[in-house]
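Enquirer: my questions are about this predicted structure, shown below with the sequence.
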Amino acid sequence: VDAGKTTLTERMLALSGKVRAPGSVDTGTTVTDFLPMERERGITIQSAAISFRWNDGVHVQLIDTPGHVDFGVEVSRSVAVLDGGVLVVDAVA
């Protein structure tokens, strides 16, 4: 089940200059999916936080959370520390 959260995270990291090139979920080269099982299965299991500067120097704190229902507790733990959030909707899907 790929909703694209990690892929979006990778693109944002690349566009901000935090990483040289975006990683890929399919090849197991993402920054935020670092556990061996995440890389093997191509899914996020454990939430991962990363910070970077965006465009005009805005400091972004991003939490990449799992999308699969089996890891809902992990998402709940992450939501508890948030001050705000951004919703990304894919109108094509």
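Expert: Structure received.

Enquirer: how deep is Glu40 tucked in, by neighbour count?
Expert: Residue crowding around Glu40 was assessed by other CB atoms under 10 Å; the count is 10. In short, each C-beta sits where N, CA and C put it, glycine included.

Enquirer: going forward, count from 26.
Expert: Sure thing, new numbering starts at 26, so read that last one as Glu65.

Enquirer: and the residue sitting furthest away from the middle of the chain, how far is that from Arg45?
Expert: No residue in the chain sits farther from the centre than Asp81, which is 21.5 Å out by CA atoms, centre = their mean. As judged by CB to CB, to the nearest Å, Asp81 and Arg45 stand 21 Å apart.

Enquirer: just for this structure, where's the confidence low?
Expert: Residues of the chain that meet the criterion pLDDT under 70 lie in 26-27, 118.

Enquirer: and the residue nearest to Gly92 when sequence neighbours are not counted, what element?
Expert: Spatial nearest neighbour of Gly92, chain neighbours left out: Ala28 (4.4 Å); criterion: CB to CB, 6 or more residues apart in numbering. Secondary structure assignment for Ala28, by DSSP states H and E: no helix or strand.
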